[in-house]
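Asks: Below is the structure, and that's it, no one-letter string:
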């Protein structure tokens, strides 16, 4: 079984100044994760600006990450959408080669019922040769996967091994933890409540901020898993202002600005996203300049 406990990161797709994929920057970012305590990598999720990448570019990202990772960390591939038939068609051994699991978001825009969500993931589970993480992010999809639906899927399909829970609701997260099997991974998709979720029984996080501050954030998660609460919260409160900053003007504009200051990549994003404002850039720069690792 793949081990997805601890800290995963939702990788960005870095761009050059002319908005093409910056292969060398992507290699640097992957190496930065491997060298600083991250447990696994998530490729082609929301943070990767997946919606603005061509099919050829997605294949390029998969290849670059896989080659640079060189089998060192587990790799999770984002495979989701609102056309169930089209997603199922992507679940081929060739398309998933080199990956250990998939992350599949709840259908967006269509606004399905809970039964529709169940049937959607049932079709994916029956087709997928890899373990599946569900992804609940109602702020982006406009539909909330209820704890009962997640528990039903967890008990119905052995290859549905966990959920990235990003509703930003601790009560709901605790309901999911309580209602799903003990070995089911309830993974935080919200950086600010990662530590409370871990302490409530969660398995870790798929994080945005952790790719900019991998050592600190992964240390916090590990301390939480070890129930070293006071030490973990010291790091949480140190990182909390930056968590607010990187989401203040949208993701991944904030974390890409962090990478600019860390000299890992440019801060280029593709429309309809835009770079952060000068005011936010200055706040992020000031934080980084005083950050104590």
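Replies: Noted; the coordinates are in hand. None of the values given here were measured: they were computed from a predicted structure. Residues are numbered from 1 along each chain as shown.
Asks: Which residue, other than its chain neighbours, is closest to residue 167?
Replies: Distances taken as Cβ to Cβ, 6 or more residues apart in numbering put residue 138 closest to residue 167, at 5.5 Å, once the chain neighbours are dropped. In this view, the C-beta of every residue, glycine as well, is placed from N, C-alpha and C.
Asks: Quick one: residues contacting that neighbour.
Replies: 106, 144-145, 167 (Cβ atoms under 8 Å, 6 or more residues apart in numbering).
Asks: Doesn't residue 186 lie inside a strand?
Replies: Yes. Assessed with DSSP: H, G, I helix; E, B strand; the rest coil, residue 186 lies in a strand.
Asks: Which parts of the chain are helices?
Replies: Per DSSP state H, the chain carries helices over the ranges 23-34, 55-69, 84-90, 114-127, 138-141, 147-156, 170-179, 194-199, 214-225, 229-248, 253-261, 278-290.
Asks: Out of those, flag the one nearest residue 77.
Replies: Across those, residue 77 has its closest neighbour in helix 55-69 (7.1 Å, Cβ to Cβ).
Asks: The closest one packs against which elements?
Replies: In terms of contacts (3 or more Cβ pairs under 8 Å, 6 or more residues apart in numbering; DSSP states H and E), helix 55-69 is packed against helix 23-34, strand 40-43, strand 75-78.
Asks: For the residue nearest to residue 167, give me the pLDDT.
Replies: Per-residue pLDDT puts residue 138 at 97.
Asks: State the distance from it to residue 60.
Replies: 31 Å (Cβ to Cβ, to the nearest Å).
Asks: Residue 210 too?
Replies: If you measure residue 210 against residue 60 using Cβ to Cβ, the figure is 24 Å.
Asks: Repeat that for residue 190.
Replies: The value you get for residue 190 to residue 60, if Cβ to Cβ is used, is 30 Å.
Asks: Poorly predicted segments of the stretch 151-293 of the chain, please.
Replies: 292-293 (pLDDT under 70).
Asks: Give me the more crowded residue out of residue 210 and residue 60.
Replies: Neighbours were counted for residue 210 and for residue 60 using other Cβ atoms under 10 Å; residue 210 has more, 28 against 17.
Asks: Okay then, goodbye and thanks.
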